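>>> no FASTA, just this:
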């Protein structure tokens, strides 16, 4: 059945982020709609943000194109150029390799949602300019590093 | 600037379809939002349907995953299983290779819109089960064939 029941995709909470970044995304949850519907060539995820929650730390991808559309409520796109208000129906795109760290933040007092599309490249690297960190997204799970290459560990990295 | 101004993408009208199918999509226009924003790994197109217009003939793709979200108004998804009403916020997915010919039709009396995501594979083949035709989507432009392999020509094919 092509029409997607959002509840067919498990509600995911939690984060891969280490402590310095994890607090940002408290109040975020998501559903992998594309995967639930059998798509394999790109991911399509519904991101649900409670008031105050960010969808991610500000980040940019080396090799993966990213696209999003706001589907409910209002939020801010925050990037190197500042804050950009977005509301339901508004779209944004982040071409691979453009070093413009960005994230979506729900500054409203109501739940807000967006749909995000992204390719999934094994070994992809994403950068977090506010934290001096980067992550390698491989099949063995995410591995965080300082931007100078030293492995990052929650304990004392 | 990541936030997309839809007017930054030229409004496209017309169709690659030969006469038997072209009448279906009178009243359809589109904007290539992803391309306008610099994305190259998948297409993201806004499809605008006037009342009575279909977005395409019923079709399915051999190798390209397709995803869509209705962003304005109401329409029908028509596939091998019949008609499925969809409204703003509803999503659908069509994994590559599933021979379920489908299209979106605006049966309402108001303009309706959806956003469609698709990979773009050179030499992709799409099938049109209502017309006994298929198309090869190569860099030299689309080429239509009967399903038995004979080239199709508008004139007497």
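Great, that's in hand. Every value quoted in this text rests on a predicted model; they were computed, and no experiment measured them. Numbering: from 1, shown residues only, chains lettered A, B, ... in the order given.

>>> ranges for the strands of chain A?
Counting by DSSP state E, one finds strands in chain A at the ranges A:28-32, A:43-49, A:60-61, A:66-72, A:74-79, A:82-87, A:91-94, A:103-105, A:112-118, A:124-128, A:133-138, A:141-146.

>>> tell me the mean pLDDT for the fifth one?
Looking back up the chat, that one is strand A:74-79. Strand A:74-79 carries an average pLDDT of 98.

>>> counting contacts, what elements does it pack onto?
The helices and strands touching strand A:74-79, judged by 3 or more Cβ pairs under 8 Å, 6 or more residues apart in numbering or on different chains; DSSP states H and E, are strand A:82-87, strand A:103-105, strand A:112-118. Yep, even glycine has a C-beta here, placed from its N, CA and C like the rest.

>>> show me what the shortest one is packed against.
Using 3+ Cβ pairs under 8 Å, 6+ apart as the contact criterion, the secondary-structure elements in contact with strand A:103-105 are strand A:43-49, strand A:74-79.

>>> right, so the ones you listed: which one is the most enclosed?
Most buried of these, by mean neighbour count (mean count of other Cβ atoms under 10 Å in any protein chain shown): strand A:43-49, with a mean of 23.

>>> I'd like the mean pLDDT over that strand, please.
Averaged across strand A:43-49, pLDDT comes to 98.

>>> that one and chain B, are they touching?
Yes - judged by Cβ under 8 Å from any Cβ of the partner chain, strand A:43-49 and chain B are in contact via residue A:44.

>>> pretty sure residue A:139 is touching residue A:120, no?
No - counting by Cβ atoms under 8 Å, residue A:120 is not a contact partner of residue A:139; they are 10.6 Å apart.

>>> who has more neighbours, the two?
Using other Cβ atoms under 10 Å in any protein chain shown as the criterion, residue A:139 and residue A:120 rank with residue A:120 on top: 12 against 6.

>>> got phi/psi on the more buried one?
phi -140, psi 100 (degrees, to the nearest 10).

>>> in this structure it contacts residue A:42, no?
Yes - counting by Cβ under 8 Å, residue A:42 is a contact partner of residue A:120 at 7.1 Å.

>>> and the nearest residue to residue A:56 once chain neighbours are set aside, what is it in contact with?
Closest residue to residue A:56 apart from its sequence neighbours, by Cβ to Cβ, 6 or more residues apart in numbering or on different chains: residue A:103 at 4.8 Å. Residue A:103 makes contact with A:24, A:54, A:55, A:56, A:57, A:58, A:59, A:77, A:78, according to Cβ atoms under 8 Å, 6 or more residues apart in numbering or on different chains.

>>> mind doing that once more with 10 Å?
A:24-25, A:54-59, A:75-79, A:128, A:130 (Cβ atoms under 10 Å, 6 or more residues apart in numbering or on different chains).

>>> can you check residue A:24 too?
A:15, A:17, A:52-58, A:103, A:105, A:130-131.

>>> tell me the centre residue of chain A?
With distances taken as Cα atoms, centre = their mean, the residue of chain A nearest its centroid is residue A:56 (4.7 Å).

>>> what sits against it?
By Cβ under 10 Å, 6+ apart, the contact set of residue A:56 is A:15, A:17, A:21, A:24-25, A:28, A:47, A:101-105, A:116, A:126, A:128.

>>> repeat that with 8 Å
By Cβ under 8 Å, 6+ apart, the contact list for residue A:56 reads A:24, A:25, A:103, A:104.
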